[in-house]
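heads up, no residue letters with this:
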Ligand code: GLN
């Protein structure tokens, strides 16, 4: 195997930005002409994050192949611009699940199954599986913090791999916190020393230390850390706090981090071309306008729950040369009386995906407000379903219209549970057990969507067929299609067999679009997603009216403003 491995561990505390550090180093190595893979190993026992509460765990990121993964994979895709899949994310749960299934099948021939070697072998195989395509380098991020009981089997596995693969093929990067004590004006290295020592006590000597700090570390401090932590004097780098996460790759480059990695691993690295990253940071710091977009959802208290959505709106702002300010509103706080107070003055309203009936009426009220006041609206997955319910109740006058998710006995199930559908990837009929609430019963991953000409959807994408990622159980009920269409709702995107409605829109409105999929998972800082781009464009038109044509001439091509 020619692939070299970089293991990234974290110390002192969590949330230091290990995922972003991994993604940024990977992006720099890719810019140096290397073929790169990324993988995240999560210490929790859940088999995947699919069933984990977004309030605790943040967003569930969905890949093309339908894996429900950790949100760090979103950073990986956005920074590397290459698709991730099932093999890019493993948890302790998935590893133990594989080992226990094997034990039940009798594969261990009655032997005693142990953490070492059986679990660690399973982990090593998972790690090696990410580098099957002749990658030059694979970066493996170990979730959690060194010292946690949960991550021990992962650390033991990566310790063994240095022996298995050879010293020259494995590199350990340790990300720690170096606190700056403002009142004393002092930088403290002790937590880092302890964390590196903890790592050494399980047999891993860090090669590079990456110090998260509020300020740049002076050489004197770096030398002290190097001495105490037993690394090269030039192997200590600052991961300084920055305004935007997209500044991290350039900051690491200026620190010389990727160069040190290339030298230590003897990688055939060219000088990197970072022009695209430089342009990006320049645009982030030089917007010519500003818009406020309201996000009306349920998980607003933990912003990590809407990570990809947040980023997709930033990307769309970049392409419209407009700073997107996000106003997160808990839909449970929205009532007829408080509507104006929450939504007056916003230039766009977005209702994101979600599960369960809590806060639904607030979302429906916000959608009505957007529709009646000609405020650009974007509904994503549950947001589209709510837009359909709102239209059914208030325009079609189908009293009590609802989704079967919230009111199973509704007289007008405009959103309903499909029990059977055709899976274009596997070319098989998928069946769903209506009684089951398990993640496995969802429509997951990328599905094709055929666009209708003359619609905003087609205008945005400027093509006839797209593939977008799904994560839901309920669908638009085609029994009502005729009624919706004859009263002005356009069904603008369908599955190729025309059985599933994927996009809806209103023509007599500046911009009102809902989609059954999650476009946020496919947006990148270098290339905003077309639907987000057009949504924000409509919001900018509301914020900065000019003499351009407001009707968004529907037959025109979109004419992206990307540089
Ligand atoms: N709860 C809805 C469904 O299952 C929408 C899911 C979502 O927004 N991802 O269909």
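The structure has been received and is ready for your questions. Not measured: the values here are computed from a predicted model.

List the residues that contact the residue in the stretch 201-350 of the chain positioned nearest to the ligand.
Going by Cβ to the nearest ligand atom, the ligand is nearest to residue 297 of the stretch 201-350 of the chain, at 9.8 Å. Any C-beta I mention is one placed from the backbone N, CA and C, and that applies to glycine too. Listed by Cβ atoms under 8 Å, 6 or more residues apart in numbering, the contact set of residue 297 reads 305-306, 328-331, 351-352, 354, 359, 363.

Leaving out chain neighbours, which residue sits closest to residue 175?
Once flanking residues are discounted, residue 175 sits nearest to residue 210: 4.5 Å by Cβ to Cβ, 6 or more residues apart in numbering.

ditto for residue 157
Closest to residue 157 by Cβ to Cβ, 6+ apart is residue 123, at 3.8 Å.

and what of residue 367?
Per Cβ to Cβ, 6+ apart, closest to residue 367 is residue 390, 4.5 Å.

re the thing from before, show the buried residues in the contacts of residue 297.
Listed as buried from the contacts of residue 297 are 305-306, 328-329, 331, 351-352, 354, 359, 363; burial here means 16 or more other Cβ atoms under 10 Å.

which stretches of the stretch 251-400 of the chain form helices?
257-265, 275-284, 307-319, 339-343, 360-372, 382-394 (DSSP state H, counting those that start in this stretch).

interface residues of the stretch 301-450 of the chain facing the ligand?
Selection of the stretch 301-450 of the chain residues close to the ligand by Cβ under 6 Å from any ligand atom yields 353-355, 381-382, 405.

Can you turn the buried part of the residues you listed into a ChimeraX selection?
Paste this into ChimeraX to select the buried members of these, with burial taken from 16+ other Cβ under 10 Å:
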select :353,354,355,381,382,405
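
Could you provide the residues of the stretch 301-450 of the chain next to the ligand in TSV, with additional columns for pLDDT?
Shown next, in TSV, are these (pLDDT from 0 to 100):
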residue	pLDDT
353	94
354	93
355	91
381	97
382	97
405	94
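
Pass me the low-pLDDT residue ranges in the stretch 151-300 of the chain, would you?
Within the stretch 151-300 of the chain, no range satisfies pLDDT under 70.

Contact residues of the chain facing the ligand?
Applying Cβ under 6 Å from any ligand atom, we find that the chain lies next to the ligand at 353-355, 381-382, 405, 471-474.

What is the nearest of the residues you listed to residue 293?
For those, the minimum distance to residue 293 (Cβ to Cβ) is 15.9 Å, reached by residue 353.

For the stretch 1-150 of the chain, which segments count as strands?
4-10, 36-42, 61-62, 68-69, 89-91, 137-142 (DSSP state E, counting those that start in this stretch).

still on that earlier bit, report the beta-bridge partners for the residue of the stretch 201-350 of the chain closest to the ligand.
Note on residue 297: beta-bridge partners by DSSP bridges are residue 330.

re the thing from before, isn't the residue nearest to residue 367 right up against residue 362?
No: the pair residue 390 and residue 362 fails to qualify as a contact (Cβ atoms under 8 Å) at a distance of 11.6 Å.

In strands, which of the residues of the stretch 301-450 of the chain next to the ligand fall?
Using DSSP state E, no member of those sits in strands.

Same list, the residues of the stretch 301-450 of the chain next to the ligand, but as CSV with distance to residue 59 please.
Shown next, in CSV, are these (distance: Cβ to Cβ, whole Å):
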residue, distance to residue 59
353, 10
354, 11
355, 13
381, 13
382, 14
405, 20
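
Look up how far residue 381 lies from the residue of the stretch 201-350 of the chain closest to the ligand.
Counting by Cβ to Cβ, to the nearest Å, the gap from residue 297 to residue 381 is 11 Å.

Quickly list what's touching both of those two.
The contact sets of residue 297 and residue 381 overlap at 352, 354 (Cβ under 8 Å, 6+ apart).

So what touches the lowest-mean-pLDDT helix or strand in the chain?
Among the helices and strands of the chain, strand 420-423 carries the lowest confidence by mean pLDDT, DSSP states H and E, at a mean of 72. Contact with strand 420-423 is made by 428-432, 443, 475, 495, 497, 499-500, as judged by Cβ under 8 Å, 6+ apart.

Could I get the contacting residues of the residue sitting nearest the centre point of the chain?
In the chain, the centroid-proximal residue (Cα atoms, centre = their mean) is residue 74; its distance is 3.2 Å. Residue 74 makes contact with 59, 61, 307-308, 311, 521, according to Cβ under 8 Å, 6+ apart.

Skipping adjacent residues, who's closest to residue 209 in space?
residue 236 (4.9 Å).

how far away is residue 170 from residue 97?
27 Å.
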